[in-house]
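Undergrad: just the structure for this:
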Amino acid sequence: MTVDFMASVGTDTITREAVDQLLGEYQTTYENSSPDYFKLFAADATFFVQSSPNRIDSREEFQRVFALTPGTTRRSQLLSPEIRIMGDAALVSLHSRVALGDEQQYLRETLVVTRDSRGALRIAHLHISPQEMPAVPDTPERALEEIAIIEERTATTASTVGTPK
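TA: Now for the predicted structure:
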């Protein structure tokens, strides 16, 4: 399926401040399971999300697949968002941490932000993928033990192979 995106309406350029504001709304409406969350997306937005094995090709379809349960509160953090203004659009990439009860997920997200026909910022594309977190040693003593083992293996390998000249 090919979608032709229209050039933005009006002369307002997309600014980092406006995208930051959109990200704030994105986070707040998501955390509060608000139906306004879906209004942040363009009607013809595309989605790659964990809850669907296939690309989702509209906001309406996304709303069916990703039902927010009213009254459910989530906690989330948008970590290190990078906003790149690219003419009539902005590309946002970030890491996020989402908690629902005691369960936490670490995610990577990419959003493409454009203007709708009225000039309002909308998310035209959302891609979310899981982010594996590195294992952290239980105790400082264990961390030192693991470092010592790595140093020993490195020294053994170097003595067997030799060092470059």
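
Undergrad: could you give the number of residues near the nearest residue to Arg75 once chain neighbours are set aside?
TA: Nearest non-adjacent residue to Arg75, counting by Cβ to Cβ, 6 or more residues apart in numbering: Ala99, 4.4 Å away. C-beta coordinates here come from the backbone N, C-alpha and C atoms, glycine included. By other Cβ atoms under 10 Å, 14 other residues sit near Ala99.

Undergrad: try the one 3 residues further on
TA: Asp102 has 5 neighbouring residues, counting by other Cβ under 10 Å.

Undergrad: distance of it relative to Asp116?
TA: Asp102 sits at a distance of 38 Å from Asp116 (criterion: Cβ to Cβ, to the nearest Å).

Undergrad: try Leu23
TA: When Leu23 is compared with Asp116 (using Cβ to Cβ), they lie 17 Å apart.

Undergrad: likewise Pro70?
TA: Counting by Cβ to Cβ, the gap from Pro70 to Asp116 is 26 Å.

Undergrad: the residue nearest to the spatial centre of the chain bridge partners, please.
TA: By Cα atoms, centre = their mean, the mean C-alpha position of the chain lies nearest to Glu109, the distance being 1.7 Å. Per DSSP bridges, residues listed as beta-bridge partners of Glu109: Leu94, Ile128.

Undergrad: shouldn't Val113 be within a helix?
TA: No - Val113 is assigned strand when assessed by DSSP: H, G, I helix; E, B strand; the rest coil, not a helix.

Undergrad: and Glu60, what element?
TA: In this assignment (DSSP states H and E), Glu60 forms part of helix 59-65.

Undergrad: counting by contacts, list what that helix packs against.
TA: Applying 3 or more Cβ pairs under 8 Å, 6 or more residues apart in numbering; DSSP states H and E, we find helix 59-65 packed against helix 36-39, strand 41-48.
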